[in-house]
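Asks: sequence first, then the predicted structure:
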2 protein chains.
Amino acid sequence: MVSCPKCNEVSAVQKAGIVRGKQRYCCKSCDFHFTLPDLTTAPQTKRHQVTIVDIAEELGISKSTVSRALRGHTDIHAGTRQMVLDLAQQLEYQPNPLANALLKSKTNTVGIIVPEFRHYFFPATIIGAQEVLSAAGYNVMICQSDESYETEVANVKALMSSRVDGLLVSLSSQTNNFDHFRAVQRRDVPLVFFNRVCPELDTPQVVVEDYAGAFAAVEHLIEQGYRRIAHLTGPSTLQVSHLRLQGYLDALQKHGLVPENELIIHYDLTPEKARIYANYLLSLPQPPDAIFALNDPTAIEIMLVAKARGVKIPQELGVVGFSNDPMSAIIEPPLTTVAQPVHEIGRQAAQLLLEQMNDAPPRRAVLTTQLLVRGSSQLERQKK
Amino acid sequence: MVSCPKCNEVSAVQKAGIVRGKQRYCCKSCDFHFTLPDLTTAPQTKRHQVTIVDIAEELGISKSTVSRALRGHTDIHAGTRQMVLDLAQQLEYQPNPLANALLKSKTNTVGIIVPEFRHYFFPATIIGAQEVLSAAGYNVMICQSDESYETEVANVKALMSSRVDGLLVSLSSQTNNFDHFRAVQRRDVPLVFFNRVCPELDTPQVVVEDYAGAFAAVEHLIEQGYRRIAHLTGPSTLQVSHLRLQGYLDALQKHGLVPENELIIHYDLTPEKARIYANYLLSLPQPPDAIFALNDPTAIEIMLVAKARGVKIPQELGVVGFSNDPMSAIIEPPLTTVAQPVHEIGRQAAQLLLEQMNDAPPRRAVLTTQLLVRGSSQLERQKK
DNA sequence: AAAACTATCGGGAACTTTCCCGAAAAAGGT
DNA sequence: ACCTTTTTCGGGAAAGTTCCCGATAGTTTT
């Protein structure tokens, strides 16, 4: 009852096992194995994206020629090119970037990893980076490490497996092992750090004058008459912590003040811990009369704690932050802070990445900071 | 001096034009055209990403088998699979998602378009969305329309050309033409709106109880004793503007207050305009004694303007916002606001998108709001 | 008019992976 | 010993594009 599709023989056909649930036959006369075609499969009206092959067939030319026309190649007749261009427009042809990416192993996508998204700073840097990158034709993939080393490693892995063409990173506060970035370098993927930079790896980076900014901030506090100045800063793994601490220490020393260990606190940058340490500082037998914080979110937490405890700012406590977060202008009294060009940090980082991708020599960009004196630290003016 | 690579003839070879800058020859004896191979091209030590073919060759098996082993297919010998797995690990094999994407036309990437990045709200929703999406194995591509219709169109175009598998959108305040989203639907790309939803298109969407929240906010103001309540809201193109306005109007009506046109202002949500209209309202011959703002950033601008003019909050002016932006707790007096579950909005939106991708019936999610009464609107308590 | 050249175009490999289907080898059944 | 079944594997197409290279037809030069 089954005829061989090759010799049309019927009698010589016999069963020959089952393959993937379908009966298989063997024609003894022509020694041909076969299974019966499945007629139940639907015709599959799957919508077909219009490709250059469609255009080529429609026009009766080769796909090479269509590609040339679309890519603006010279090696083509002006009339042919116009024909192709017209039809492409009419058919709403959109080139498939995946095919191109596969061919060139270049995705035109860069990954950005930031520690968090809650405050103003990192979203603002991303805005700047995106500005430059999308102008250069790159898409952007954004990840947050959530200040966690493990998440950061996972982010790097995910972005690398997505085959990004470059990586823009601001480290998590936990990170003190950089093997995941060494793996990035080993694969020759351009890598740029900004703000939270990596001290061990030799990559382009964007930073601000952390030392100078911190120095200016603390000197300002001293000039205002504060004498017992505490410093609430980030984990010692972060270079910004280190540099700003150094600026703090040197400013104290310059003015003959002796730093005290109990007034220098490293913490993990969570709001909860900020409150705990602010309370701790204000509960000391000899509480500080001013606090210089690593960043504005920290400074604001300090101010909230101080307010809750009835400590008057700036009379009983001077506070200075870092970054000029919009909140610092809103809070009362307005927060004195070291302003840094947030958008420009992102722009510069993107710029350095583009340079890396063009094999330019690695650069290090240092942006300027500016002390914005506001109400939270103006002791003398209050006194007058 | 030039010998034919086919018949090794020398005398019969003659020039035959120039092709792409290289001399071309023709052997008259065997009628063979050829150019001399270019010896100057570097050997190209281009680092080769390890592929399944590499593994297959190393093991002397076919790439199909390697693929089966890696994909955990059943149709394979346990020993062979282990062999492949071991070598893959040793060679640090990473599958190329591009090839897969090209084959399946599925990029495992979703695009998110939000109007802006400056305030707390949208980054927070993105955090929520990313949470759900990356758990489902999707990468995320984020764009900002910058409240511009043109940029939004460009964003949609860019994401579509990147072949995202889905789109999560919160509309720009300018958008009143939705053709770019119709194009998305035409291509069968799942689309979900959140917060700033599209009234014309039949898509899943995530919103909050805008009407109820606004009604509660205004009713609260009335109960506090405010009588001349203004409303500063967004462009009428936005559904949130419309719904919150309606809540405002109905609350007034319920309590026998007559809405006045000069107290209802639509604006483009820029900080500059917020300040201008706040000043305008406070300069009226009969200024309002309370303002209900579309969102917290607007409310905060209003408070700043009021403070600058010496208008006391809440005594002379009650203010209520919407969203519970962290700033609203910081500012003094703290801002009464209608809280909405920002992260949950993002999570829900992502959830609806995933459902769409699995061809589930489109849903509309409505999340609850909660009025947080704070200092900026507590007239009675002040009076006591 | 032969030789040399130019302007265009087509063919096909390559990129990496998955999947369909047929084939071989091994195992089981009578 | 022969047939059937199962297990395991290989070949090759497909996805969409770019690019290299050879091949024409027509044009100019000698």
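Replies: Right, received. Where do you want to start? Numbering: from 1, shown residues only, chains lettered A, B, ... in the order given.

Asks: DNA strand D contacts on the stretch 1-150 of chain A?
Replies: The stretch 1-150 of chain A comes close to DNA strand D at residues A:14-19, A:24, A:26, A:48-49, A:51-53, A:63-64, A:67, A:70-71, A:93-96, A:98-100, A:102-104, as judged by Cβ under 7 Å from any atom of the strand. Glycine gets a C-beta too; all of them are placed from N, C-alpha and C.

Asks: so which of those residues reach DNA strand C?
Replies: A:Gly17, A:Val19, A:Lys63, A:Ser64, A:Ala99, A:Leu102, A:Leu103.

Asks: most neighbours out of those residues, which is it?
Replies: A:Leu102 (20 neighbours; other Cβ atoms under 10 Å in any protein chain shown).

Asks: setting the sequence-adjacent residues aside, check what's closest to that residue.
Replies: Nearest-residue entry for A:Leu102: B:Leu98, 4.5 Å, with adjacent residues in sequence omitted and distances by Cβ to Cβ, 6 or more residues apart in numbering or on different chains.

Asks: buried set for stretch A:189-208?
Replies: A:189-198, A:203-208 (16 or more other Cβ atoms under 10 Å in any protein chain shown).

Asks: out of those residues, which are inside helices?
Replies: Judged by DSSP state H, helices contain none of the buried residues of stretch A:189-208.

Asks: next secondary structure after whichever strand or helix holds the residue nearest to A:Leu102?
Replies: Taking DSSP states H and E as the criterion, B:Leu98 maps to helix B:97-104. Using DSSP H and E, the helix or strand that follows helix B:97-104 in sequence is strand B:109-114.

Asks: and the helix or strand following that following strand, which residues are buried?
Replies: For strand B:109-114, the following helix or strand on the C-terminal side (DSSP H and E) is helix B:121-135. Buried residues in helix B:121-135, defined by neighbour count with 16+ other Cβ under 10 Å: B:121-130, B:132-134.

Asks: for helix B:121-135, list the C-alpha coordinates in CSV.
Replies: C-alpha atoms of helix B:121-135 as CSV (Å, rounded to 0.1, in the frame of the first residue of the first chain):
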residue,chain,number,x,y,z
PHE,B,121,9.6,58.4,39.0
PHE,B,122,10.8,57.0,35.7
PRO,B,123,14.1,55.6,36.9
ALA,B,124,12.2,53.9,39.7
THR,B,125,9.7,52.3,37.3
ILE,B,126,12.6,51.1,35.1
ILE,B,127,14.2,49.4,38.1
GLY,B,128,11.0,47.5,38.6
ALA,B,129,10.7,46.5,35.0
GLN,B,130,14.3,45.5,34.7
GLU,B,131,13.8,43.3,37.8
VAL,B,132,11.1,41.2,36.1
LEU,B,133,12.6,41.3,32.6
SER,B,134,16.1,40.2,33.5
ALA,B,135,14.6,37.4,35.6
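
Asks: what packs against it?
Replies: strand A:139-144, strand B:109-114, strand B:139-144, helix B:342-357 (3 or more Cβ pairs under 8 Å, 6 or more residues apart in numbering or on different chains; DSSP states H and E).

Asks: redo these as CSV? Include mean pLDDT and mean neighbour count.
Replies: Listed next are those as CSV, based on pLDDT from 0 to 100; neighbours: other Cβ atoms under 10 Å in any protein chain shown:
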stretch, mean pLDDT, mean neighbour count
strand A:139-144, 94, 23
strand B:109-114, 96, 26
strand B:139-144, 94, 23
helix B:342-357, 97, 22
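
Asks: possible to save those as JSON lines with distance to A:Ala212?
Replies: Formatted as JSON lines, the helices and strands packed on helix B:121-135 follow (distance: least, Cβ to Cβ, whole Å):
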{"stretch": "strand A:139-144", "distance to A:Ala212": "29"}
{"stretch": "strand B:109-114", "distance to A:Ala212": "36"}
{"stretch": "strand B:139-144", "distance to A:Ala212": "32"}
{"stretch": "helix B:342-357", "distance to A:Ala212": "37"}
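
Asks: from chain B, how far off is A:Glu344?
Replies: Counting by Cβ to the nearest Cβ, to the nearest Å, the gap from A:Glu344 to chain B is 16 Å.

Asks: mind listing what's buried in whichever helix or strand A:Tyr248 is part of?
Replies: Element membership for A:Tyr248 (DSSP H and E) is helix A:239-254. Across helix A:239-254, burial judged by 16+ other Cβ under 10 Å covers A:239-245, A:247-252.

Asks: got the angle between the helix holding B:Leu98 and helix A:97-104?
Replies: Using axes from the mean of the first three to the mean of the last three Cα atoms, to 10 degrees, the inter-axis angle of helix B:97-104 relative to helix A:97-104 is 130 degrees.

Asks: tell me the angle of helix B:97-104 relative to strand B:139-144?
Replies: 90 degrees.

Asks: which other helices and strands does helix B:97-104 contact?
Replies: With contacts taken as 3+ Cβ pairs under 8 Å, 6+ apart, helix B:97-104 sits against helix A:97-104.

Asks: could you give the average pLDDT over the helix it packs on?
Replies: What helix A:97-104 shows for mean pLDDT is 93.

Asks: please work out which residues outside the helix holding B:Leu98 touch it.
Replies: With contact meaning Cβ atoms under 8 Å, 6 or more residues apart in numbering or on different chains, helix B:97-104 is reached by A:96, A:98-99, A:101-102, A:105, A:107, A:161-163, B:106-108, B:163.

Asks: A:Ile313 touches A:Ala306, doesn't it?
Replies: Yes. With contact defined as Cβ atoms under 8 Å, A:Ile313 counts as touching A:Ala306 (5.7 Å).

Asks: what sits against the residue nearest the centre of chain A?
Replies: By Cα atoms, centre = their mean, chain A has its centre lying nearest to A:Ile112, at 1.8 Å. Contact partners of A:Ile112, counting by Cβ under 8 Å, 6+ apart, are A:Ile126, A:Ala129, A:Val140, A:Met141, A:Ile142, A:Cys143, A:Leu167, A:Leu168, A:Val169.

Asks: surely the second one touches A:Leu354?
Replies: No. No contact is recorded between A:Ala129 and A:Leu354 when judged using Cβ under 8 Å, the distance being 10.5 Å.
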